[in-house]
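Peer 1: A structural model of the following input is requested.
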Amino acid sequence: MVVNSTDISYFTLSAYFDAGLFKYFSLIIIMSLYILTVCANVFLIVVICMNRSLHEPMYLFLCSLFVNELYGSTGLFPFLLLQILSDVHTVSASCCFLQIFCVYTYANVQFCNLAVMSYDRYLAICCPLRYAVHMTHTAAATLIMVTWLYPFLAIVVLISLSASLRLCGNIINKVYCDNYSIVKLACSDTAVNNIYGIFYTIATICVVILIIFTYMKILQVCFSGCKLSRQKAVSTCTPHLASLLNFSCGCFFEIVQSRFDMKHVPRMLRIFLSLYWLTCQPLFNPVLYGLNLTKIRIMCKSLVFGHR
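Peer 2: A predicted model of the protein is given here:
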């Protein structure tokens with residue numbers, strides 16, 4: 001039967017299965033991850049907002065990163081908890097598209113944030129004398145605004161194209177809603193979706209290339225400078241590179257699993273790989289930056305223990 005996606009009242013998430021008592025173990029893990037993620041990100045946002053010494057572009061970009069991780073986690077974790085407790089794994093069409101919007105904007109804002117942070121470190125390390133001129137608070141605020149505005153507009157267009165498709169079914173073989181899974185259900189022509197997807201992918205690749213280029217320049221300066229400047233640059237950039245690598249690997253796992261037949265891979269592993277980039281990154285970053293950036297570490301100790 002061919003129907004518009006707007007005529008479908010719900011989607012069925014077929015990746016869920018009867019796990020018996022393991023269901024409650026999964027529930028505890030997901031709930032614990034969500035609580036830890038919320039607490040860690042909120043704590044670091046409070047630390048940055050309460051300390052004027054951290055009101056520098058670098059830490060404002062970090063604050064934007066932590067806010068995005070709260071946003072992305074809230075778009076996924078409560079949904080997973082409800083689905084684990086439910087015996088019928090369905091989601092209304094409107095909620096499904098809302099989740100796609102949250103998940104996809106989270107991913108795009110994450111990449112844009114990492115790109116802006118890499119540009120900030122590039123100016124600070126490669127052009128230190130011009131840093132204060134180029135990276136003013138106004139410039140930082142503008143970059144943060146673009147970091148959030150561009151993904152939101154891009155994903156609105158993406159979802160509008162998907163919502164107008166005629167679909168032949170409503171079964172999504174995942175544990176959460178995914179735009180590509182809905183496009184695969186289409187009976188109508190998806191040429192416009194594919195063309196937009198190509199431009200969307202090219203834009204994302206350009207962002208990744210920008211990040212790689214800036215860090216290549218940073219590493220070049222690191223290895224050509226004195227030992228002290230090299231150590232300082234490496235200690236500053238290590239968290240950014242680790243965050244980028246972790247998030248990129250998670251996205252790569254998800255893309256491979258969505259595009260290729262992975263039936264030979266155990267179901268639990270497939271579910272873990274599809275959730276990794278959405279569940280581990282929001283907890284990974286606060287721990288990474290909280291432990292590695294000296295100013296944040298000192299301020300955290302000051303806030304918790306009441307002294308410096």
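
Peer 1: Please enumerate the strands of the stretch 101-250 of the chain.
Peer 2: 166-167, 171-172 (DSSP state E, counting those that start in this stretch).

Peer 1: Parallel or antiparallel, which strands does the last one pair with?
Peer 2: Applying DSSP bridges to the sheet, strand 171-172 is found paired with strand 10-13 (parallel).

Peer 1: what comes up buried for the partner strand?
Peer 2: Using 16 or more other Cβ atoms under 10 Å as the test for burial, strand 10-13 gives 11, 13. (Glycine included, C-beta is placed from N, CA and C.)

Peer 1: following it, which helix or strand comes up?
Peer 2: On the C-terminal side of strand 10-13, the closest following helix or strand by DSSP states H and E is helix 22-50.

Peer 1: got the angle between the helix or strand following that following helix and helix 22-50?
Peer 2: Sequence-wise, the next helix or strand downstream of helix 22-50 (DSSP H and E) is helix 57-85. Per axes from the mean of the first three to the mean of the last three Cα atoms, to 10 degrees, the angle that helix 57-85 makes with helix 22-50 is 160 degrees.

Peer 1: Pull the distance from helix 57-85 to the chain's centre.
Peer 2: Its chain's C-alpha centre and that of helix 57-85 lie 8 Å apart, by Cα atoms, centre = their mean, to the nearest Å.

Peer 1: what's that helix packed up against?
Peer 2: Contact partners of helix 57-85 among helices and strands, from 3 or more Cβ pairs under 8 Å, 6 or more residues apart in numbering; DSSP states H and E: helix 22-50, helix 93-126, helix 137-163, helix 267-279, helix 281-292, helix 294-305.

Peer 1: Now the fourth one: buried residues?
Peer 2: Neighbour counts using 16+ other Cβ under 10 Å place 270-271, 273-279 of helix 267-279 among the buried residues.

Peer 1: same thing with the fifth one?
Peer 2: Taking 16+ other Cβ under 10 Å as the neighbour-count basis, helix 281-292 is seen to contain the buried residues 281-286, 288-290.

Peer 1: Same question for stretch 104-123.
Peer 2: Residues 104-123 are the ones in stretch 104-123 that count as buried (16+ other Cβ under 10 Å).

Peer 1: Stretch 242-261 too?
Peer 2: 243-244, 246-247, 250-251, 253-254, 257-258.

Peer 1: Format those residues as CSV; extra columns: pLDDT.
Peer 2: Below are the buried residues of stretch 242-261 laid out as CSV (pLDDT from 0 to 100):
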residue, pLDDT
S243, 85
L244, 85
N246, 86
F247, 87
G250, 83
C251, 84
F253, 82
E254, 82
Q257, 77
S258, 74
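
Peer 1: what's around D87, how many residues?
Peer 2: Here the number of neighbours of D87 (other Cβ atoms under 10 Å) works out to 7.

Peer 1: so it, which of the three states?
Peer 2: Here D87 is coil, with the state taken from DSSP: H, G, I helix; E, B strand; the rest coil.

Peer 1: Now it, what are its backbone angles?
Peer 2: The phi and psi values for D87, taken as degrees, to the nearest 10, are phi -90, psi -20.

Peer 1: Just the pLDDT at the residue positioned nearest the centre of the chain, thanks.
Peer 2: Compute the mean C-alpha point of the chain, and by Cα atoms, centre = their mean the closest residue is A107, 3.6 Å away. With respect to pLDDT, A107 has a value of 92.

Peer 1: Run through the residues that contact it.
Peer 2: 72, 251, 277 (Cβ atoms under 8 Å, 6 or more residues apart in numbering).

Peer 1: where does the chain have low pLDDT?
Peer 2: Along the chain, segments meeting pLDDT under 70 span 1-7, 18-21, 225-230, 232-233, 261, 291-295, 300-308.

Peer 1: ok, C187 to L283 distance?
Peer 2: Counting by Cβ to Cβ, to the nearest Å, the separation of C187 from L283 is 40 Å.

Peer 1: same thing with M299?
Peer 2: Going from M299 to L283 by Cβ to Cβ gives 20 Å.
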